[in-house]
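[1] what follows is a predicted structure for the sequence shown.
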Amino acid sequence: MKSQDEDLEAIVKWAKNADGVQALIQTGSLARNDNSADILSDIDIEIITSNPEVLMNDDQWMNKIGELITVLRLDPNSDQEWATRLAIYRDGVKVDFTLAGIERVRGMADEGKLCELYERGYRILLDKTAITAGLPATSYGFPGRTLPSQYSFRTSVEEFWFEAFHIPKYLARGELWMVKLRDNTMKELLLCMLEWHAIACSPKPVDIWHNGLRMHEWVAPQTWIELQETFGQFDATDAQRAFEATIQLYGRLGREVAEYTGLCYPQECENRIKTLNRKLLSQHPEVIR
């Protein structure tokens, strides 16, 4: 991890001389103790500053750390409290900078409770004003996940079948790009069901990573095998094959989650959508070639 170490040293060196930067805190896999980090891991750095807008509005400071290839700039919005700058440097190391105000650490220190990210592991790389002194020690634990309410479960399942209704139409029209767009949404909903299934079927807490990371570690072996069939090529025949594998897997997982949790699976919705889809595809046999 030589390049990562060198880039980390450069970040700390810059921060020591940067006005307004009060602390640097490393999170992510490189700050955890679960051996999940490797030479391909990103460097995740929270820059704690009294005025994040200064770093947001003029981000030439990133060039002082190393030679940049490109930067993705994400400013705060309804889903993201703090600005981030995702930088790829010349040596191929990616650094995810979070530009956070001092309330980021003060809130956790005052409450005596870490957020989920810090609970997984954090390292204080620099603290000019002892602002991090009150932060609790990390447990290196993973956050517990909860199962959905009946309303959330039904809403998610029906959205999946709503999307599934459109795939045969686009297949019949030869609109393969639209098939892929709809399939992407279906895969997001499938991921949600995979997570619920892992929680529902396990007698002990499960470490479910975000965005499907390390999925092979937390899904059932048979599910992992079936997942291999759910992605298709950019042609109608294989797209339909992958579509059928996706809806078959989703239906099984959904019914099993309902069985394990006492939730009610909207089987009638699935049945009616599948009936409509079979009818449409039977009217367009030219799709399968």
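    Great, that's in hand.

[2] what sits against Ile167?
    179, 182-183, 186, 239-240, 243, 277 (CB atoms under 8 Å, 6 or more residues apart in numbering). For the C-beta atoms, the positions are set from N, CA and C on the backbone; glycine is no exception.

[3] the residue sitting nearest the centre point of the chain: what secondary structure?
    Nearest residue to the geometric centre of the chain (CA atoms, centre = their mean): Asn211, 2.9 Å. Per DSSP: H, G, I helix; E, B strand; the rest coil, the local secondary structure of Asn211 is helix.

[4] distance check, it against Gly28.
    Between Asn211 and Gly28 the distance is 13 Å, computed by CB to CB, to the nearest Å.

[5] cool, and Tyr170?
    38 Å.

[6] which residues in this protein form helices?
    Taking DSSP state H to define them, one finds helices in the chain at 2-16, 52-57, 103-111, 116-120, 150-164, 167-173, 176-201, 215-218, 221-227, 236-261, 267-282.

[7] would you list the ones you listed in a markdown table and tack on mean pLDDT and distance to Gln80?
    Below are the helices of the chain laid out as a markdown table (pLDDT from 0 to 100; distance: least, CB to CB, whole Å):
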| stretch | mean pLDDT | distance to Gln80 |
| --- | --- | --- |
| helix 2-16 | 90 | 21 |
| helix 52-57 | 95 | 12 |
| helix 103-111 | 94 | 13 |
| helix 116-120 | 91 | 13 |
| helix 150-164 | 98 | 22 |
| helix 167-173 | 94 | 31 |
| helix 176-201 | 97 | 18 |
| helix 215-218 | 91 | 24 |
| helix 221-227 | 96 | 29 |
| helix 236-261 | 97 | 29 |
| helix 267-282 | 94 | 33 |
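
[8] how about those, which one is nearest Thr138?
    For the helices of the chain, the distance to Thr138 is smallest for helix 116-120, at 5.9 Å, taking CB to CB.

[9] ignoring the adjacent residues along the chain, who's closest to Ala100?
    Nearest residue to Ala100, sequence neighbours excluded (CB to CB, 6 or more residues apart in numbering): Trp82, at 4.6 Å.

[10] distance of that neighbour from Leu74?
    In terms of CB to CB, Trp82 sits 9 Å off from Leu74.

[11] and for Leu55?
    Applying CB to CB to Leu55 and Leu74 gives a distance of 13 Å.

[12] quick check: domain ranges of the chain?
    2-127, 150-287 (automatic domain parsing).

[13] in CSV: those domains, plus distance to Gly141.
    Compiled in CSV, the domains of the chain are given as follows (distance: least, CB to CB, whole Å):
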stretch, distance to Gly141
domain 2-127, 6
domain 150-287, 9
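
[14] please identify the buried residues of stretch 95-115?
    95-102, 104-105, 108-109, 114 (16 or more other CB atoms under 10 Å).
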